[in-house]
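> pasting the sequence and the predicted model now:
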Amino acid sequence: MVNSVDVHLDEMIMSFSKQICCFSLVMGRRKIEYFLVPLTINHLWSSKVCGGGAVVGEEFMLSHYGHPSGGKTSSAESFCYTKYRYIFGVFSLWNPLKLVINCLILLNFFKIIISTKEPDTEGNALLDLMLALNDSNGQTNWDPYLVSPCFSWNHVNCRDEHVESLNLNSLGFSGTLSPAITKLKFLVTLELQNNSLSGPLPDYLGNMVHLQNINLASNKFNGSIPSSWGQLSNLKNLDLSSNNLTGRIPKELFSVAMFKHCICQYSFLDIYLPMELKHESFAVSTSMSRLKVIATSASCGAFIFLILVAVLAYRYHQFHKEKNDIFVDVAGEDDRKFSLGQLRRFSWRELQLATDNFSENNIIGQGGFGKVYKGILSDNMKVAVKRLADYYSPGGEAAFQREIQLISVAVHKNLLRLIGFCTTSSERILVYPYMQNLSVAYRLRELKPGEKGLDWPTRKNIAFGAAHGLEYLHEHCNPKIIHRDLKAANILLDDNFEPVLGDFGLAKHVDTKFTHVTTQVRGTMGHIAPEYISTGKSSEKTDVFGYGITLLELVTGQRAIDLSRLEEEEEVLLLDHIKKLLSENRLDDIVDGNLKTYDRKEVETIVQVALLCTNSSPEGRPKMTEVVKMLQGIGLAEKWAKWEQLEDAMKQDLSLMSRQYIWAEDSCTDQEAIQLSKAR
């Protein structure tokens, strides 16, 4: 007979077991059923209670053989009471074993109570998230009646009973990203790419400090990247490509120590990176494709090798074919393909942003073929952007093609190099390095208060540098190149005031068999050689004449044509003015008044070289190789003496012609009218 203490203990355990059994029947929670499995094993220990038992699906199917006292079949509640009463009745026969097993049952019971006391936070968060994502296609099988999403929810991966990753890519979602996602406090990977999610990028993602991988590519997110994402201290990979994003990529994002890869593609939008962003692994995607480029060092080397081979083959092919076309139309595109050289190709939007939409405030120069703007690229590089005006006017397209073709093959430290270009159906743009000190003309005549002018050593260095640049074009390019518009405004100055010849818009290749003849004279008045004006013929000697006028600009600081001189003298042309002063031995009056100190001998040398270069006859002008030597004093004395002899002879001839004209005029005016009326 069981003593009263055992009976009392058995009744208490029976009461707990009854609650457990009935709770499992009502709720059907997997986790609870899991803890009831040990009780089904106890059933097998006693043939008095159950003849057998089986688990089918998610419910218990147990046989019932009635009450030992001969009672009849009871309800479900009495069934639980009777069955578990017999189980614990068996245990009461062995007190030590009974106590151990009862303790285990109680522990299981309390574990159930604890696990079901509060709602599952992460599960509810996922359900709220799915509601906002608008899963209209029913791609998930998330059962709201399950205790935890970690057991059988698809697209969810857990670790230590916490959601670690969500893989919801390509499921056709069309909603927004709910703030409920922040309740997934241990989330490491979030993949929502290739859906149709919209709205701004949520700033509250910045509070999810465990996030390491975020992929929101190929959606419809708009706005800018929140600066709060810089708080993602464990972030390693971020892909936001193919969205409608605007604004800057926040620099806070790149202060993350573990951050490695970012694909933040902006399509025709306002984006530029802060100057301080130097992360080696950072790259801005320029393709609408969402395919990721994973390049190892070996594949990079192979790729570069193939590129070099392709470039060499391409250049060889271009060198041997006799096709003059530089642009070809491509069906379905708004721009044209450039087929010469390896220059950088800029997008229209990139240059529009760099120049503040081609603002008038950024204009640093203006010529016959367009305006030049100062620009700052996304990498903080300063550039000069030459926008070709009147593209459809005669000569506009030809000038653009010519400048690209010539500059791409002419490489010299005193020649302006071309960085890249931009072509659309209506625009032709060239991009050069920005010259900090602008042009020689600016430094001579257009200085603002407080800006540095050109001292004599700098002017002398400019004379030598320009001579070397022209010599390279005339003697070392094959075929030769003539500039045709050399002047102080087209000589640019870099940070160290080194001269660089620019504006090749009028340049031409020189055929050694023929002298080039043009039907339309182009250039700047005062710098154009006489034979070019009268006959349309241009040659290397045309450039030599322009160089001579430029030397006179350097010495005097004056323009090639100055109408203000008419107030004091008849000479409008700078060349005639210099000759007049030199004939009067007024060398010091020739020198720019802004020069505080100068070497008189060097000034005399440069003036003499300038006058030799501006000989009225092209045959009488020296070649640029000779000019370089004469600037160094080699052979100048002999040529100058010969020039003076020719000038004296020319003056005598002009004087004789003048006297003959005066005599003829006098002989006519002295006759009386009656004599003139007589028959002859």
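Structure's in. What do you need?

> in the stretch 401-550 of the chain, which spans are helices?
Secondary structure of the stretch 401-550 of the chain (DSSP state H, counting those that start in this stretch): helices at 440-445, 456-471, 530-535, 540-556.

> rank those by pLDDT, which is bottom?
Lowest mean pLDDT of those: helix 530-535, a mean of 81.

> against which helices or strands is it packed?
Applying 3 or more CB pairs under 8 Å, 6 or more residues apart in numbering; DSSP states H and E, one finds that helix 530-535 contacts helix 540-556. (Each C-beta comes from the backbone N, C-alpha and C, glycine too.)

> so which bits of the helix or strand just after the helix it packs on are buried?
Reading on from helix 540-556 to the C-terminus, the next helix or strand found by DSSP states H and E is helix 574-583. By neighbour count, with 16 or more other CB atoms under 10 Å as the criterion, the buried positions of helix 574-583 are 574-575, 577-578, 581-582.

> whichever helix or strand comes after helix 574-583 - what's its average pLDDT?
Using DSSP H and E, the helix or strand that follows helix 574-583 in sequence is helix 587-590. Average pLDDT, helix 587-590: 89.

> tell me which of the helices of the stretch 401-550 of the chain sits most buried.
Comparing those by mean neighbour count (mean count of other CB atoms under 10 Å), helix 540-556 ranks first with a mean of 25.

> what mean pLDDT does stretch 178-186 get?
Here the average pLDDT along stretch 178-186 is 91.

> thinking again about what came up before, can you put the buried residues of helix 574-583 in CSV and add pLDDT?
Listed next are those as CSV, based on pLDDT from 0 to 100:
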residue, pLDDT
574, 89
575, 89
577, 89
578, 90
581, 89
582, 88
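
> going along the chain, name the strands of the stretch 351-500 of the chain.
Along the stretch 351-500 of the chain, counting by DSSP state E, counting those that start in this stretch, strands occupy 363-367, 370-376, 382-388, 420-423, 428-433, 480-482, 491-493, 499-501.

> and the contacts of stretch 574-592?
Stretch 574-592 is contacted from outside by 444, 526, 549, 552-553, 555-562, 565, 569, 571, 598, 600, 603-604, 607, 610-611, 614, using CB atoms under 8 Å, 6 or more residues apart in numbering.

> so what's residue 452 closest to, chain neighbours aside?
Distance criterion CB to CB, 6 or more residues apart in numbering; nearest residue to residue 452, sequence neighbours excluded, is residue 443 at 7.8 Å.

> hang on, isn't that neighbour packed against residue 437?
Yes: between residue 443 and residue 437 there is a contact under CB atoms under 8 Å: 6.6 Å.

> overlap in contacts, those two.
Joint contacts of residue 443 and residue 437 (CB under 8 Å, 6+ apart) are residue 493.

> quick one on the thing from earlier: rebuild the helices of the stretch 401-550 of the chain as TSV, extending it with distance to residue 312.
Shown next, in TSV, are the helices of the stretch 401-550 of the chain (distance: least, CB to CB, whole Å):
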stretch	distance to residue 312
helix 440-445	39
helix 456-471	28
helix 530-535	40
helix 540-556	32
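
> tell me how far the closest residue to residue 150 other than its chain neighbours lies from residue 303.
Leaving aside its sequence neighbours, residue 150 sits nearest to residue 158 (CB to CB, 6+ apart; 3.7 Å). According to CB to CB, to the nearest Å, residue 158 and residue 303 sit 40 Å apart.

> more neighbours: these two, which one.
Ranked by neighbour count (other CB atoms under 10 Å), residue 158 and residue 303 place residue 158 first, with 16 against 11.

> surely residue 203 is in contact with residue 225?
No: using CB under 8 Å, residue 203 makes no contact with residue 225, being 9.5 Å away.

> of these two, who's got more company?
residue 225 (24 against 14).

> residues in contact with residue 195?
Applying CB under 8 Å, 6+ apart, we find residue 195 in contact with 133, 168-174, 218-219.

> and these, which of them are in strands?
Secondary-structure check on the contacts of residue 195 using DSSP state E: no residue lies within strands.

> where does the prediction get shaky in the stretch 401-550 of the chain?
401-403, 406-407, 504-523 (pLDDT under 70).

> these two touch, right, residue 371 and residue 389?
Yes: contact criterion CB under 8 Å: residue 371 and residue 389 qualify, at 6.7 Å.

> what about these two, which has more around it?
residue 371 (18 against 14).

> let's see the pLDDT reported for that one.
86.

> what pairs with the strand or helix carrying the residue nearest to residue 150, parallel or antiparallel?
Using DSSP H and E, residue 158 sits within strand 156-159. Take DSSP bridges as the rule and strand 156-159 pairs in its sheet with strand 162-167 (antiparallel).

> next helix or strand past the strand it pairs with?
strand 189-191.

> mind listing what's buried along that next one?
189-191.

> same question, stretch 211-230
Within stretch 211-230, the residues scored as buried using 16+ other CB under 10 Å are 211-219, 221, 224-226, 228-230.
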